[in-house]
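> Quick one, what's the 3D model for this:
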Amino acid sequence: MQFNVQRFGFGLAATLILASGSAFAKQEWKFQINVNAGDDEYRIAQEWAKSVGEKTNGEITVEVLPTGTIVGNNETLDAVGAGIIQGHITDPGYFSGKNPAFAVYGNMVGAWSGPAPFLDYMRNAGGEAGYNRLVEPYNVHLIRAGAVGAESLISKRKIETLDDLKGLKVRAPEGMVSNIFKLVGAAPVNLPTSEVYTGLEKGVIDAADYTVFSTNYQQGYHKYAPFAVYPGFHSMPMKDISVNKALWDDLSPKQQKILEDSVDAFTEQLVTDLQKKDEEQVALARQKGDVTLTSLPEDEVKKFRQSARDEWSRWRDRSPQAKEAVDSIQGYLQDKGML
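Residues are numbered from 1 along each chain as shown. Model prediction:
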């Protein structure tokens with residue numbers, strides 16, 4: 001992918017000067033996140049950015065930009081590698097067109113019951129090392145993997161069984177998520193996060209696979225999609241918090257450790273804050289009666305998981321890196337008695 005660097009106002013030369021200078025030279029980084037400015041994730045990411053400046057005594061300052069500010073969500077990997085932005089906070093599924101392994105790491109649909117086992121796999125069972133083997137050829141380094149919790153499916157009609165998904169136009173990211181929705185009879189539509197609200201309003205989509213219940217509710221999506229599956233059954237995406245590899249390699253070990261620890265704290269805050277907010281917003285929605293909440297019976301969830309496992313097998317054959325990722329994740333799940 002080619003970028004017009006001047007268009008974005010960020011010179012590659014400036015980035016390279018930073019990368020080749022002293023590890024203690026002051027660095028000013030721009031990170032783009034794949035959510036809207038009003039989302040809780042954006043607020044928490046801004047708090048993380050502030051903490052980086054404080055913990056490094058101003059040696060590294062981070063500005064977090066909302067979705068689409070500099071490039072599209074599916075372009076941030078190339079933009080980080082090229083130095084157009086210095087880092088991103090995103091869902092790896094956006095890059096599944098580059099390598100199917102991004103979809104496997106980003107959201108192996110049906111695999112994870114929540115953030116804790118996923119983060120344990122990434123931190124302690126080789127997930128982050130495998131992911132860095134995938135991204136470092138793009139001149140990008142994963143600082144740490146993050147997560148936000150199981151997503152809620154919002155819809156214009158009630159969903160109580162998988163049959164209710166048939167024919168439903170569901171906003172979903174490209175790749176594995178879209179394919180699994182197809183397998184259960186839905187009609188996935190790829191829309192950027194910034195267009196979910198207008199997509200529901202104009203009837204471009206009937207439902208949306210987009211983040212947790214509280215964010216959907218606070219953004220007012222229930223005005224056009226007054227039904228929600230809660231707790232979510234389908235999706236627990238990864239948050240990729242990565243930086244330009246040349247910049248990372250130029251940092252001191254102390255600075256690298258500060259960044260890793262800061263992202264661990266960021267992820268913990270994401271998970272706990274959004275879970276608490278979910279509980280508050282679900283209670284409010286029930287009190288106001290403006291959202292009808294449903295949940296899928298366990299036998300329906302098992303049917304969905306089986307469709308997902310069939311799709312895992314297909315993705316396993318799509319690239320060596322995808323095979324490595326699927327085998328690694330399934331091995332972890334089997335070892336933990338989760339399959």
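
> Just the mean pLDDT for the longest helix anywhere in the chain, thanks.
What stands out as the longest helix in the chain, according to DSSP state H, is helix 253-288. Mean pLDDT, helix 253-288: 95.

> Could you list the buried residues of it?
By neighbour count on 16 or more other Cβ atoms under 10 Å, the buried set for helix 253-288 is 255-256, 258-259, 262-263, 266-267, 269-271, 273-275, 277-278, 281-282, 285. Where C-beta positions appear, they are placed from N, C-alpha and C, glycine not excepted.

> can you check stretch 42-51 too?
Those would be 42, 44-46, 48-49, 51, for stretch 42-51 by 16+ other Cβ under 10 Å.

> list the contacts for residue 53?
Listed by Cβ atoms under 8 Å, 6 or more residues apart in numbering, the contact set of residue 53 reads 60-62.

> Show me where the stretch 51-200 of the chain dips below the pLDDT cut-off.
Applying pLDDT under 70 to the predicted model, the stretch 51-200 of the chain contains no residue that meets it.

> ranges for the helices of it?
Using DSSP state H, counting those that start in this stretch, the helices found in the stretch 51-200 of the chain span residues 76-82, 101-106, 115-124, 127-135, 176-183, 196-202.

> Looking at these, which one is packed in the most?
Mean neighbour count (mean count of other Cβ atoms under 10 Å) peaks for helix 101-106 among these, with a mean of 29.

> Show me what that one is packed up against.
With contacts taken as 3 or more Cβ pairs under 8 Å, 6 or more residues apart in numbering; DSSP states H and E, helix 101-106 sits against helix 127-135, helix 176-183, strand 238-244, helix 298-316, helix 320-335.

> Can you convert those into CSV and add a column each for distance to residue 230?
Shown next, in CSV, are the helices and strands packed on helix 101-106 (distance: least, Cβ to Cβ, whole Å):
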stretch, distance to residue 230
helix 127-135, 27
helix 176-183, 18
strand 238-244, 21
helix 298-316, 13
helix 320-335, 24
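
> So which of the ones you listed is the most surrounded?
Among the helices and strands packed on helix 101-106, ranked by average contacts under mean count of other Cβ under 10 Å, first place goes to strand 238-244 (a mean of 26).
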